[in-house]
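>>> Sequence and predicted structure below; questions after.
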Amino acid sequence: MSSTRHRSTHEVLNQAPPRVDVDEYALNPALQEAVAVFSPHARVERFHEIGRHVGTEQYQHDAELANTLTPVHRAHDRWGNRVDEIEFHPAYHRIMEYSVSRGLHTSAWADPGPGANVERAVGFMLVSQIEAGHGCPLSMTHAVVPSLRLSPELAAEWEPALLSTVYDPELRDPATKSGVLFGMAMTEKQGGSDVRANTTTAEPVGDGDCHVLRGHKWFCSAPQSDAFLVLAQAPAGLSCFLVPRVLPGGEQNPFLVQRLKDKLGNKSNASSEVEFDGTLGWMVGEPGRGVRTIIEMVGRTRLDCVLGAAAGMRQGVAEAAWHARHRAAFGATLVDQPAMAAVLADLQLEAEAATWTALRLASAYDDEEFAPYRRLATAVAKYWICKRGPNHAYESLECLGGNGYTESFPLARRYREQPVLAVWEGSGNVIALDVLRAMAREPESVAAFDVELAAQLGGHELYDRHVERVRALIGRSAADPGAAPGIARRLVEAMALAQQGAVLLAHAPAPVAEAFCLARLGDDRSAEYGALPDGVDIDTLVARA
């Protein structure tokens, strides 16, 4: 008999330990630095508390449960009554209750002031980093407030519960609830983003603002919400309506959920098709001005798309770096191998640029002086950062090798999640054309955007040359509006890179800004992660991941 001891095949070696019991805020230097710039008086202990909470094993497990035991539509109760209830796993409710209790839906409205939108954005990003789907109802509830305020009587009726930090998911008379959530329903089968092609009708009832709606919506996210902003064709044209799920007094409003969408990702968030048949809605804003009424809501949900995409990038690089720091191959820890270090540095650079840009945008919503800037900058950032998200998620996943491709690790879920942020609130062409429309109709937005870029001229030669290209493309599109759609994507991409370069040169650590200019604005830039040009401080970027 041999005396040689045989190692058990089930002894786990050279695997990264679970990434739990961490403070996600404390581990994110770019987010901390951006807070110090854009909300210097913020109570940062709140962010550490959120960061520790989402870093727990329980929160991460709840995120997994909410995305594997997904929402179920129950059209009728056991007696045959139409109820259209959406049933969620308790994990989803725990996640929602935490975020609402921390005001991550409407704190910027409940407690306005300098930095309010930045602080809400930071909390939103921290929870979205781990569980993205529940950000949809949080975002819509946040974004509905300015639209609702166009009808002061409706705002007075709904705002107290909107601004509450009580999570109450039961559908009942809104007058009896301490907290409510809002959604929106705009697109239809035949129109999609072309909402002026909508066929849903709204007929007035009596002399007031109440209307009867009939029609459908092809996409309605979070149908479990208490009320929705809905676009419908009224006698005066396309108008916006507040449609509650339950009417005053407790009667259910006909809000017929046809089915839940079977989506690629975003599984924890119920998205649905709905029909209206004698459904009551109250007009919000001016008759025939539905798009104008809802556009402020759309702007703010686009901002949240940027926040969510940046949060997803942070999750990707954080998980990749964690794995690389604990895994050895070919005689060295992965993080110490030049090829892997270059990939991690590039992923971190992308995440940092997104994070800094996201909080700069959020700060623009804290100051009406920047309203022209944010009109253009939000759309530009939404286009680029959200479009970069899926590639970033894939490259992060690949850093984990086979583990990354399994559902036991969070990056497979993130890879499926990121595309929705590029599609929701306007996919690529819709956003690019919207940028052209804003430039033509609101020239003050172009001037404000250019002021932001001009402030950093002289900071880096590559940046200066890139801004020249941006200005040339803007001039070209203005000179020939008919041909402008053909270069819209090239224009918006160039604007987005200039936007990111400006904020990094103004505020980020010098090695980060320098790396961005070299890797994203230089002549030898590459679309491949890890193909960084000479001069990039890879060690600094990896240390920040």
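Done, it's in. Numbers count the residues shown, from 1 in each chain.
>>> And Glu11, its phi and psi?
Dihedral pair for Glu11: phi -80, psi 120, per degrees, to the nearest 10.
>>> residues near it, how many?
6 (other C-beta atoms under 10 Å). The C-beta positions use only the backbone N, C-alpha and C, and glycine is treated the same way.
>>> again, but for the one 3 residues further on
The local packing of Asn14 (other C-beta under 10 Å) involves 9 other residues.
>>> Now do the same contact list for it.
Contact analysis of Asn14 by C-beta atoms under 8 Å, 6 or more residues apart in numbering lists 327-328.
>>> Quickly find the element holding the closest residue to Gln129 other than its chain neighbours.
Leaving aside its sequence neighbours, Gln129 sits nearest to Ala311 (C-beta to C-beta, 6 or more residues apart in numbering; 4.3 Å). Using DSSP states H and E, Ala311 sits within helix 290-326.
>>> chain center to that helix: distance?
4 Å (C-alpha atoms, centre = their mean, to the nearest Å).
>>> after that helix comes which helix or strand?
Downstream of helix 290-326 (by DSSP H and E), the next one is strand 328-329.
>>> Which other helices and strands does that next one contact?
Packed against strand 328-329, as judged by 3 or more C-beta pairs under 8 Å, 6 or more residues apart in numbering; DSSP states H and E, are no other helices or strands.
>>> contacts for that strand?
14, 334, 337.
>>> and the first one, that one's in a strand?
No - counting by DSSP: H, G, I helix; E, B strand; the rest coil, Asn14 is not found in a strand; it is coil.
>>> Against His326, how distant is it?
Separation of Asn14 from His326 (C-beta to C-beta, to the nearest Å) stands at 8 Å.
>>> now swap in Ser128 and tell me
Counting by C-beta to C-beta - Ser128 and His326 are separated by 25 Å.
>>> Neighbour count: these two, which is higher?
The residue with more neighbours, out of Ser128 and His326, is Ser128; 29 against 15, by other C-beta under 10 Å.
>>> Report pLDDT for the more buried one.
For Ser128, the model assigns a pLDDT of 98.
>>> Now do the contacts for it.
Here Ser128 is in contact with 135, 307-308, 311-312 (criterion: C-beta under 8 Å, 6+ apart).
>>> what about Leu242, which helix or strand?
Element membership for Leu242, per DSSP H and E: strand 237-244.
>>> Can you mark which positions in that strand are buried?
Under the neighbour-count criterion of 16 or more other C-beta atoms under 10 Å, strand 237-244 has 238-244 buried.
>>> And it, how far out from the chain middle?
Centre to centre, stretch against its chain (C-alpha atoms, centre = their mean), the figure for strand 237-244 is 25 Å.
>>> What strand or helix carries Leu229?
With secondary structure defined by DSSP H and E, Leu229 is part of strand 227-234.
>>> what do you get for Lys217?
Using DSSP H and E, Lys217 falls in strand 210-221.
>>> Just the buried positions in that strand, please.
Those would be 211-221, for strand 210-221 by 16+ other C-beta under 10 Å.
>>> What helices and strands are in contact with the helix or strand following the strand holding Leu242?
Reading on from strand 237-244 to the C-terminus, the next helix or strand found by DSSP H and E is strand 256-260. If contacts are counted by 3+ C-beta pairs under 8 Å, 6+ apart, strand 256-260 sits against strand 72-76, strand 82-87, strand 271-284.
>>> how about the longest one: buried residues?
Meaning strand 271-284. Under 16+ other C-beta under 10 Å, the buried positions of strand 271-284 are 271-276, 279-284.
>>> How about stretch 461-476?
Buried residues in stretch 461-476 (16+ other C-beta under 10 Å): 462-464, 466-467, 470, 473-474.
>>> one step back: could you tell me which residues within the helix holding Ala311 count as buried?
Here helix 290-326 shows 290-291, 293-294, 296-324 as buried, counting by 16+ other C-beta under 10 Å.
>>> residue ranges for the strands of the stretch 301-450 of the chain, please.
Ranges of strands in the stretch 301-450 of the chain, per DSSP state E, counting those that start in this stretch, are 328-329, 332-333.
>>> Can you list the strands that the last one pairs with?
Strands adjacent to strand 332-333 in the sheet, as given by DSSP bridges, are strand 328-329 (antiparallel).
>>> can you give me how far the partner strand is from the chain middle?
On C-alpha atoms, centre = their mean, the centre of strand 328-329 falls 35 Å from the chain's centre.
>>> returning to what we had before: quickly, which of the strands of the stretch 301-450 of the chain bottoms out on average pLDDT?
strand 328-329 (a mean of 92).
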